[in-house]
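1. Need the 3D shape of this:
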Amino acid sequence: MTRIMIYDGPAAEDAAITRTGGLPLLPADVEWPRCAACKGNMQFLARIQQDGTFVDEHGEPTGDRRVVQVFMCENDPGMCETWEAHSGANAVIVLPPDPAPVRQAPPEGVTTLAEVSSVRLFETDVEPTEEFSHPYEAAREAWAEDPGKRGRDVLGQLGGSPSWLQSHRALGCRECAAPLRFVAQLEEGHDSGTTANYGGGSAYVHICPTHDQGAFLWQQ
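-> Take a look at the predicted model:
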């Protein structure tokens, strides 16, 4: 089963759902991430609410219900290595599923997206083809079969395996060195004026199955 995220209109900035944009929900003891290169506050990109049914690359449910929140530096685009995992220019915060308060954005820096987007899921068992050889790409094609649908409304995928635009990246946990598990692939957004900046490409979110550690990178 491949799950792709479809743009489903605006959402509240503090909604406890899977969404892009808005504000993060963070405990008081978790600081808003700052870029290791420019020292500026990072931009909040997405909140991913795992529901225990996400599947891994082998198609097995992970049972994980932790909340994953993603940040990236956008203060001086192209200067900080936001595309590199563990560069210090992006951050993945992994939290237990317990409720957390909304965190207001710091006053300095580019800290939020211009729009909050809710998502709905399109689930399919469509098989890859010679033209669309990855399940995610085949699922996107299956969803877009209706001429009235917009390709930009696909906001990414949840679980499964990443569809790398460049080479495959093997990522390890910085605490235990175990392989990280793929959580989500994110597209820039449905509207060019309010989107995230992945250089026109896609972003990839991974977390450790055991520790509350994660990694983010993008490719174009």
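2. Val94 touches Asp64, doesn't it?
-> No: counting by C-beta atoms under 8 Å, Val94 sits too far from Asp64 to count as a contact (9.5 Å). All C-beta spots, glycine's among them, are computed from the backbone N, C-alpha and C.
3. Now the phi/psi pair for the residue nearest to Trp83 when sequence neighbours are not counted, please.
-> Using C-beta to C-beta, 6 or more residues apart in numbering and skipping the chain neighbours, the partner closest in space to Trp83 is Trp218 (5.0 Å). Trp218 adopts backbone torsions of phi -130, psi 160, taken as degrees, to the nearest 10.
4. what are the bridge partners for Leu121, then?
-> Under DSSP bridges, the beta-bridge partners of Leu121 are Met5.
5. circling back to that earlier point, partners of the residue nearest to Trp83 in the sheet?
-> Ala203.
6. can I assume it is in contact with Glu81?
-> No: at 10.7 Å, Trp218 and Glu81 do not qualify as touching, with contact defined as C-beta under 8 Å.
7. Could you check which of these two is surrounded by more residues?
-> Trp218 (23 against 17; other C-beta atoms under 10 Å).
8. Against Leu186, how distant is the nearest residue to Ser87 once chain neighbours are set aside?
-> Nearest residue to Ser87, sequence neighbours excluded (C-beta to C-beta, 6+ apart): Glu81, at 4.1 Å. Counting by C-beta to C-beta, to the nearest Å, the gap from Glu81 to Leu186 is 18 Å.
9. Perfect, that will be all.
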